[in-house]
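Peer 1: have a look; sequence and predicted model below, questions after that.
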Amino acid sequence: MKRVMSLVLFVALLLTMFVGTPVQAQNEDYDTDLTYESNPEVTSNLDEIKEKISELQRRGYIGDESSLNEINLPGQQQASYDNVELLAETYVLVGLDTDTNKTIDIDQLILDNGPADTEKPLNLVFYTLKITDFIGNPNTTEADFVHSAAVTSALGCCSFPKDYTINSSVYQSTDGTIYAEFAKKIETVKIREDVNIVTRINTTFYWKSDATAYANFKDASNLAASGTEGPFLLNKKGVKYPEYTDNNSKLVLTKPASTTWTKGNIGCGLTPTERIKYRDYYDTSYGSITWVDNLGRVKYEIHHIRPCNYGGTNIYDNLIPLPYDFHRKVVTPWWSSY
């Protein structure tokens, strides 16, 4: 009887160690059957630019006939893809004094001229340059990185350029610090005509881009606007590296220090005992979280920031708790296409 009771207690102890950590939940680094549903945060300063244009209109530098809707017209290149994931939009507003061929500080112009009825300088033209970076066919083997630039409006009180020369470049980096120019394009176009650089993605890289537009008059060419975007860390299917900060501990899911890590066969997955120890360490250091709910459902998994198969270790600086769905549906699939 005592032997039977001892066996029952031993089994119960094992179940206690594994509660909330089913076998499926132990594969912390890879699960290629899951699909990635992306929802990256897109940065855009469009509202800020519209406010400045409205202020210039109110002060009489720009006529009421100019339309704010024109400055953010979508580029034709986006229409060529069935699926597009926008990475960033940047709008640059520049003022040019056509008498001196010098750019002006718009913020200072608004401050200096005070009320709307103050005497205005003449011969000012204002340009908006729209720079867009997006992924065409994201999360596929045919994903493209697309850098697009266009002068979307020319506003003001005097003669306008006949066309614009746009100088665009795309850069790549394997470590996020040193970038090399990967592609370059210089084209002379009419207003609202895009200059596009399209690059097929087949390797994990950090990406950046920039564009400079020149306004071409009959007898002169003047800098109209310039802007940059990035960096973006994209895997070989064009999926942006997920951003995450743990609300409780403020631990950050940091980006890989290299895009050229080699995948090996030796793992470093946590044992059940090591998993319990890390949970205790985390709860003691940062405050308790609900690792497993009352129904035995896993709420947080312990993720290796540098995955085991890419040289990661079990040191605590390489570990971070991630919500179960985020870990399984976002982070793990990203690494599957690293």
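Peer 2: Structure received.

Peer 1: can you pull the buried residues of the one helix or strand F326 maps to?
Peer 2: Using DSSP states H and E, F326 sits in helix 324-326. Using 16 or more other C-beta atoms under 10 Å as the test for burial, helix 324-326 gives 324, 326. Backbone N, C-alpha and C define where each C-beta goes, glycine included.

Peer 1: contacts for it, please.
Peer 2: With C-beta atoms under 8 Å, 6 or more residues apart in numbering as the test, helix 324-326 has contacts from 25, 242, 244, 297-301.

Peer 1: widest-spaced pair of those?
Peer 2: Maximum pairwise distance in these, criterion C-beta to C-beta, is 22.0 Å, between P242 and R297.

Peer 1: higher neighbour count, those two?
Peer 2: Shown here are P242 and R297; by other C-beta atoms under 10 Å, P242 has more neighbours (19 against 12).

Peer 1: so who does that one touch?
Peer 2: So P242 contacts 253, 326, 330-331, 334 (C-beta under 8 Å, 6+ apart).

Peer 1: swap the cut-off to 6 Å and go again
Peer 2: Residues in contact with P242 (C-beta atoms under 6 Å, 6 or more residues apart in numbering) are 330-331.

Peer 1: state the distance from it to V84.
Peer 2: 19 Å (C-beta to C-beta, to the nearest Å).

Peer 1: what does V239 give?
Peer 2: Noted for V239: a distance of 13 Å to V84, by C-beta to C-beta.

Peer 1: next: T128.
Peer 2: Distance of T128 to V84, computed by C-beta to C-beta: 22 Å.

Peer 1: for the stretch 1-150 of the chain, which segments count as strands?
Peer 2: With strands called from DSSP state E, counting those that start in this stretch, the stretch 1-150 of the chain shows them at 43-44, 84-97, 102-104, 124-136, 144-156.

Peer 1: can you redo these as JSON lines with mean pLDDT, mean neighbour count and distance to A183?
Peer 2: Putting these into JSON lines (pLDDT from 0 to 100; neighbours: other C-beta atoms under 10 Å; distance: least, C-beta to C-beta, whole Å) gives the following:
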{"stretch": "strand 43-44", "mean pLDDT": "78", "mean neighbour count": "13", "distance to A183": "22"}
{"stretch": "strand 84-97", "mean pLDDT": "92", "mean neighbour count": "21", "distance to A183": "16"}
{"stretch": "strand 102-104", "mean pLDDT": "85", "mean neighbour count": "14", "distance to A183": "27"}
{"stretch": "strand 124-136", "mean pLDDT": "93", "mean neighbour count": "25", "distance to A183": "13"}
{"stretch": "strand 144-156", "mean pLDDT": "93", "mean neighbour count": "25", "distance to A183": "8"}
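
Peer 1: mind putting the ones you listed into JSON lines with distance to T228?
Peer 2: Shown next, in JSON lines, are the strands of the stretch 1-150 of the chain (distance: least, C-beta to C-beta, whole Å):
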{"stretch": "strand 43-44", "distance to T228": "12"}
{"stretch": "strand 84-97", "distance to T228": "7"}
{"stretch": "strand 102-104", "distance to T228": "17"}
{"stretch": "strand 124-136", "distance to T228": "8"}
{"stretch": "strand 144-156", "distance to T228": "11"}
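
Peer 1: what's the closest of the ones you listed to K50?
Peer 2: strand 84-97 (8.7 Å).

Peer 1: return the closest one as CSV; C-alpha atoms alone will do.
Peer 2: The C-alpha atoms that make up strand 84-97 are tabulated as CSV, following Å, rounded to 0.1, in the frame of the first residue of the first chain:
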residue,chain,number,x,y,z
VAL,A,84,0.8,46.1,-49.2
GLU,A,85,2.3,46.7,-45.8
LEU,A,86,3.2,50.3,-45.1
LEU,A,87,6.4,50.8,-43.2
ALA,A,88,6.6,54.6,-43.0
GLU,A,89,5.4,57.8,-44.6
THR,A,90,7.4,61.0,-44.3
TYR,A,91,6.3,64.4,-45.6
VAL,A,92,8.7,67.3,-45.9
LEU,A,93,7.5,70.8,-46.4
VAL,A,94,10.0,73.3,-47.7
GLY,A,95,9.7,77.0,-48.6
LEU,A,96,11.8,78.6,-51.4
ASP,A,97,12.4,82.3,-52.0
